[in-house]
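Undergrad: Fold the following and give me the result.
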Amino acid sequence: MATDVLAPIPLNAAPSLQIIDNFDDAEARRPEWHDLLERSVRNELTQAPDWLLPWWRVFGDLDGRRLRIGLFRDGDRLIGLAPLLWRRHWYRGFLPFRRLELLASGEVEGDAIVSNHIGIIAERGAEATVARRFVDALADGAFGSWDEIVLPMMSGDTAMPELLIAAFRAAGYSAESMETAGAPFITLPATWDEYLAKLPGKERKNLKRQLRLFDEWSGGTTELESVSTVGDLERGKKILVDLHQARWASEAQSGVFRSPLFSAFHDATMYDLAERGVLEILVLRARGEPVAALQTYVWADKVTAYQTGRRPDLPQNLSPGSVIFAWAIRRAIEQGRREFDMLADAVHYKLQLTQQIRPLVQVRVARSCVVEWLRRAGVGIARWMRRGEEPKEAQG
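TA: Numbers count the residues shown, from 1 in each chain. Coordinates of the predicted model:
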């Protein structure tokens with residue numbers, strides 16, 4: 001349910017629209033892009049040019065992608081930004097759709113960056129205006145011809161997803177929104193003791209037990225190192241990747257860094273973000289050795305836990321992953337941060353650390369066309385075959 005609905009701000013006229021379709025022009029908009037984010041309800045790194053433009057440099061030449069960034073202005077002031085791309089998507093490998101989707105989404109699963117909290121950006125109070133103007137522009141073909149629009153991993157507790165659905169339906173389009181994941185997070189209190197006190201009794205007892213067992217095993221040698229300078233980054237990155245790969249290899253699986261595209265994206269962002277004090281690699285050490293690592297980002301006074309790794313050969317009663325998260329949360333509290341975001345999904349170890357979950361939703365819009373009718377028919381038949389149901393008539 002959206003919580004950040006604000007009173008509309010006065011505008012001089014209907015917002016103008018400019019479409020950016022080349023990378024250099026997008027790069028030139030970085031200053032006003034950042035300024036807009038600071039005036040938005042939710043300033044997220046994953047909506048910033050620092051994340052989206054490096055993603056385009058890595059993935060933009062694949063699958064026929066074409067840049068389509070929409071800038072909405074009230075006079076000279078940027079009040080909205082739609083960071084989109086156009087590509088052809090094939091359902092079930094043979095049904096072609098002309099698709100508009102958000103930057104930093106739609107990768108092949110093995111290469112996916114899994115960007116949370118992406119979406120259409122708007123100045124506080126201009127959300128409804130930007131949503132309507134965005135839909136009008138799509139209807140007029142300003143972003144190019146399309147059969148469907150897919151906007152995934154949007155924060156479901158902001159107003160924009162519901163505003164977009166309402167605007168699309170008012171314009172006569174078939175639009176749907178569905179929750180696809182949950183991102184656990186912690187609204188950080190002033191002290192570690194306050195944080196512990198807010199945990200349910202069972203989770204609080206378990207966390208204290210995990211910290212005690214780990215400290216006993218380490219002989220009191222547990223420490224948390226922050227690798228945050230460019231000079232130390234290569235060392236910190238190697239620790240993170242080695243521990244990440246070791247953790248997954250212990251389950252006969254491959255870690256995400258096996259993907260050249262995934263690694264290329266982080267090579268394109270990590271050094272710049274470290275230089276600006278945004279990236280930190282936290283290393284949990286015990287008995288003089290690294291036993292767990294956590295890749296985090298600090299943006300708009302919020303800490304985001306992105307990627308982890310841990311040694312798989314420790315005693316089974318120890319949980320180095322939970323321990324490094326606890327140390328990282330305590331560190332964020334001591335630094336006076338406002339939030340600790342653990343991103344999707346709502347897995348067990350995250351839910352032991354918080355009861356707060358932010359829904360992540362996908363908005364999908366489709367034109368009434370032959371390929372959409374065929375897609376729906378295929379979905380209906382697939383469901384019937386799986387469940388033994390009668391196939392429902394496809395709707396155009």
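
Undergrad: Assess the claim that residue 164 and residue 127 are in contact.
TA: No - taking C-beta atoms under 8 Å as the definition, residue 164 is not a contact partner of residue 127, at 9.4 Å. C-betas here are computed from N, CA, C, even on glycine.

Undergrad: For residue 99, which non-adjacent residue is spatially closest?
TA: In this structure, residue 99 finds its nearest non-sequential neighbour in residue 89, 4.3 Å apart by C-beta to C-beta, 6 or more residues apart in numbering.

Undergrad: Show me what the one you found is bridged to.
TA: residue 97 (DSSP bridges).

Undergrad: residue with max distance from the center of this protein?
TA: residue 219 (37.9 Å; C-alpha atoms, centre = their mean).

Undergrad: For that residue, give its distance to residue 288.
TA: Distance, residue 219 to residue 288, by C-beta to C-beta, to the nearest Å: 10 Å.

Undergrad: picking up where we left off before, can you name the residues that contact the residue farthest from the centre of the chain?
TA: Residue 219 makes contact with residue 287, according to C-beta atoms under 8 Å, 6 or more residues apart in numbering.

Undergrad: quick one, what contacts residue 269?
TA: Applying C-beta under 8 Å, 6+ apart, the residues contacting residue 269 are 50-51, 54, 279.

Undergrad: which SSE is it in?
TA: helix 260-275 (DSSP states H and E).

Undergrad: How far does that helix sit from its chain's centre?
TA: Relative to its chain's centre, helix 260-275 lies at 16 Å (C-alpha atoms, centre = their mean, to the nearest Å).

Undergrad: contacts for the helix or strand following it?
TA: Counting by DSSP H and E, the next helix or strand C-terminal to helix 260-275 is strand 279-286. Outside strand 279-286, the residues that touch it by C-beta under 8 Å, 6+ apart are 214, 217-218, 221-228, 233, 236-237, 239-240, 269-270, 273-274, 290-298, 320, 323-324, 327-328, 331.

Undergrad: ok, 7 Å please
TA: 218, 221-228, 236-237, 239-240, 270, 273, 290-298, 320, 323-324, 327-328 (C-beta atoms under 7 Å, 6 or more residues apart in numbering).

Undergrad: Any of these buried? List them.
TA: 218, 222, 224, 227-228, 236-237, 239-240, 270, 273, 290-298, 320, 323-324, 327-328 (16 or more other C-beta atoms under 10 Å).

Undergrad: So which of the residues you listed are in helices?
TA: Mapping the buried ones among the contacts of strand 279-286 onto helices (DSSP state H) picks out 218, 236-237, 239-240, 270, 273, 320, 323-324, 327-328.

Undergrad: Per the annotation, how does the protein divide into domains?
TA: If you go by automatic domain parsing, the domain ranges for the chain are 16-172+174-182+359-366, 189-337.

Undergrad: Mind checking these for the one nearest to residue 353?
TA: domain 189-337 (6.0 Å; C-beta to C-beta).

Undergrad: and the closest one, how far apart are its ends?
TA: 9 Å (C-alpha to C-alpha, to the nearest Å).

Undergrad: Would you mind measuring from the residue positioned nearest the centre of the chain to residue 324?
TA: Note on the chain: the residue nearest the mean C-alpha position is residue 116, at 1.2 Å, using C-alpha atoms, centre = their mean. Counting by C-beta to C-beta, the gap from residue 116 to residue 324 is 20 Å.

Undergrad: Also residue 59?
TA: 30 Å.

Undergrad: Quick check: the farthest pair among the ones in helices among the buried ones among the contacts of strand 279-286?
TA: Among these, the pair separated by the greatest distance (C-beta to C-beta) is 218 and 273, at 30.5 Å.

Undergrad: Residue 176 against residue 364, yeah?
TA: Yes - counting by C-beta atoms under 7 Å, residue 176 sits close enough to residue 364 to count as a contact (5.5 Å).

Undergrad: burial count for residue 46?
TA: Residue 46 sits with 24 neighbouring residues when counted by other C-beta atoms under 10 Å.

Undergrad: dump the residue contacts of it.
TA: 104, 115-118.

Undergrad: Can I take it that residue 130 is in a strand?
TA: No - assessed with DSSP: H, G, I helix; E, B strand; the rest coil, residue 130 is helix; it does not lie in a strand.

Undergrad: Name the nearest residue to it, sequence neighbours excluded.
TA: Using C-beta to C-beta, 6+ apart, the nearest residue to residue 130 is residue 80, at 3.4 Å.

Undergrad: number of nearby residues for that neighbour?
TA: 25.

Undergrad: what do you get for residue 201?
TA: Neighbours of residue 201 under the rule other C-beta under 10 Å: 7.

Undergrad: same question, residue 262
TA: Neighbour tally, residue 262, other C-beta under 10 Å: 20.

Undergrad: ok, it - contacts?
TA: For residue 262, the contact set (C-beta under 7 Å, 6+ apart) comprises 111, 113, 256.

Undergrad: quick one: pLDDT of it?
TA: Predicted confidence (pLDDT) for residue 262: 96.

Undergrad: From residue 118, how far off is it?
TA: Per C-beta to C-beta, residue 262 is found 17 Å from residue 118.

Undergrad: go on, residue 39?
TA: The gap separating residue 39 from residue 118 is 18 Å, by C-beta to C-beta.

Undergrad: Kindly list the main-chain dihedrals of residue 349?
TA: phi -70, psi -30 (degrees, to the nearest 10).

Undergrad: correct me, but it touches residue 324?
TA: No - assessed by C-beta under 7 Å, residue 349 is found out of contact with residue 324, at 10.8 Å.
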